[in-house]
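*Asks:* Sequence unavailable; structure follows:
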């Protein structure tokens, strides 16, 4: 990404961060409609007896560990067998995390989890850039590997309206579920803090038994 495009994307995202609270304020003008809340992107059967929601930040090391060490087992043992419907909800603690979140959705819903996996797998590498320019260039490399074009990524990062929607969606969901840290899970409606896979599995088994 060239410096000019970096500045353009950074400016758009900064405006998005600032615009969402104003649009949601009680004294907002009637013409200033609140941003659209985006639907979840889910893995697994719609009629699965249990839903597991993960609140995750792309800049969170513990989230990367969960995706490397626990998520494959969750998908193999529960999602692929029709027992669990899994939903990842992005949390934006910082502007860089939002950049990554926009990239994850840039290829469409069908590619969201594949790009998300790449972002977590290569988290140390792309976050290792010492400047915004370097981090954005690293993110662009991930997008190219995922089959996106240069113009496609630039258009996604410059889409202030979509950034506002992502932030509003994060704020509404995280506030409703009282999310204060990542990763945090909502398993069968119960908030569960991050823990080793064996302990998470016990919670899942208990909730599945309750759902029978």
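*Replies:* Received, thanks. As the structure is a prediction and not an experimental result, all values here were calculated from the model.
*Asks:* Flag the shaky bits of the protein, pLDDT-wise.
*Replies:* 1-32 (pLDDT under 70).
*Asks:* distance of the residue nearest to the spatial centre of the chain from residue 211?
*Replies:* By CA atoms, centre = their mean, the chain has its centre lying nearest to residue 90, at 2.4 Å. Separation of residue 90 from residue 211 (CB to CB, to the nearest Å): 27 Å. Backbone N, C-alpha and C define where each C-beta goes, glycine included.
*Asks:* swap in residue 84?
*Replies:* Separation of residue 84 from residue 211 (CB to CB): 10 Å.
*Asks:* Mutual contacts of the two, please.
*Replies:* Residues touching both residue 84 and residue 211 by CB atoms under 8 Å, 6 or more residues apart in numbering: residue 50.
*Asks:* Need the distance between the two termini of stretch 78-88.
*Replies:* Length of stretch 78-88, first residue to last, CA to CA, to the nearest Å: 15 Å.
*Asks:* What residues of that stretch count as buried?
*Replies:* Buried residues in stretch 78-88, counted by 16 or more other CB atoms under 10 Å: 78, 79, 83, 84, 85, 86, 87, 88.
*Asks:* Also stretch 190-206?
*Replies:* For stretch 190-206, by 16+ other CB under 10 Å, it's 192, 194, 197, 200, 201, 203, 204.
*Asks:* do the same with stretch 37-52
*Replies:* Residues of stretch 37-52 classed as buried: 38, 41, 42, 43, 44, 48, 50, 51, 52 (neighbour count, 16+ other CB under 10 Å).
*Asks:* No more questions from me, cheers.
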